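**Student:** Compute the structure for the input listed below.
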Amino acid sequence: MDLTTPNKTDFSKLTRKPNLGSYTDYRTYLNDYYQFRRTTDPSKFRPYSYAHFSAAANIKSPNYLKLIIDGKRNLSKEMVKKFATALNLAKKDSLEFEALVNYCQAKDPLERNNHLKTLSEIRIEERIHVGEIDQKSVDEAPSWLSWVLLSLCDQKNVDLTVDNIKKSIKRNLSPQQIEKSLKQLLDNDEIEFDHESKTYSKKLNTNHDAQKIPPEMVRKLQSELIYLGSESLFQDQPEDREFGTVSLCLTKKEFDELKFELRHLRKKIYKDNLINREDSKGDQVFQLNIQLFPLTESIETN
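**Tutor:** Purely as a prediction, here's the structure:
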């Protein structure tokens, strides 16, 4: 399920009810829903209006929906339930709508990322339910912790027991989370367990195939790693991290070239690191995120 905001809607062609799962802005969803009702309403004498929506939501203000769409009001938890009723959403869709509202209205970056994570999980569960994603593929897909554990195998002075892993990783993890990720790595033949020392180690040749990971799970994994970066802004000292940002106005050609260079850089860093770890263990596990994404719409000209 693509967590991207839809393109500007051609309301003249809006003949099907908007799919909630394709939106990352609940105000855009509400506007598209309203325009859908206006377009498909058979009544010529009293066509669907904001007042009709308010009546269905049991709201006194006849223009409340318009205030929400225009960003002049936010939805409270109580209003979310009323809107879900007016939108005729099923229970599972109501939970998704609430998660979408929470994500859009959150101001704190960590809170916003947390709501996005919840929204992503709800949408993945729905795609599993309708059979668009195979449950086995989801169960076998690695989490961010799996990648960290593989790198932790290359850190010196760390015996990979559950207790030591919990002490080493700077996040609040339960033994169950660690054991689950270790089991995934064992099942994928990426690590092995030494029964004498009761520790895990990375195998030299792994069978992990990234191509088998569903795109939705890749997106979920990447969002989790980005979330860890947001946490680092608040939890780690500036001298212990390196964060930098730059906003650029690029042509399509420049964008493609920069995208290629970033991919090449990432692969080079990873390859060099693998070579270095063959000779010696590392001191600490770091996460490197490289992000390049659009902030404005492209304006096409004739």
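**Student:** all contacts plus neighbour counts: C-alpha atoms, from now on.
**Tutor:** Will do.
**Student:** who's in contact with Leu152?
**Tutor:** Applying Cα atoms under 8 Å, 6 or more residues apart in numbering, we find Leu152 in contact with 158, 160, 284-285.
**Student:** quick one: it from Lys202, how far?
**Tutor:** Going from Leu152 to Lys202 by Cα to Cα, to the nearest Å gives 9 Å.
**Student:** Spit out the residues that contact these two alike.
**Tutor:** Common contacts of Leu152 and Lys202 (Cα under 8 Å, 6+ apart): none found.
**Student:** next structured bit after the lowest-mean-pLDDT helix or strand in the chain?
**Tutor:** Among the helices and strands of the chain, helix 135-140 carries the lowest confidence by mean pLDDT, DSSP states H and E, at a mean of 76. The helix or strand immediately downstream of helix 135-140 is helix 144-152, counting by DSSP states H and E.
**Student:** Show me how far that following helix is from its chain's centre.
**Tutor:** Here the centre of helix 144-152 is set off from its chain's centre by 19 Å, with Cα atoms, centre = their mean, to the nearest Å.
**Student:** cool, and stretch 74-85?
**Tutor:** In terms of Cα atoms, centre = their mean, the centre of stretch 74-85 is found 24 Å from the chain centre.
**Student:** likewise stretch 256-274?
**Tutor:** Distance of stretch 256-274 from the chain centroid (Cα atoms, centre = their mean) equals 23 Å.
**Student:** again with stretch 92-106
**Tutor:** How far stretch 92-106 lies from its chain's middle: 14 Å, per Cα atoms, centre = their mean.
**Student:** same deal with stretch 101-109?
**Tutor:** Put simply, stretch 101-109 sits 14 Å off its chain's centre (Cα atoms, centre = their mean).
**Student:** ok, and for it, which residues are buried?
**Tutor:** Within stretch 101-109, the residues scored as buried using 16 or more other Cα atoms under 10 Å are 101-105.
**Student:** can you redo those as JSON lines with pLDDT?
**Tutor:** Shown next, in JSON lines, are the buried residues of stretch 101-109 (pLDDT from 0 to 100):
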{"residue": "Val101", "pLDDT": "97"}
{"residue": "Asn102", "pLDDT": "96"}
{"residue": "Tyr103", "pLDDT": "94"}
{"residue": "Cys104", "pLDDT": "96"}
{"residue": "Gln105", "pLDDT": "96"}
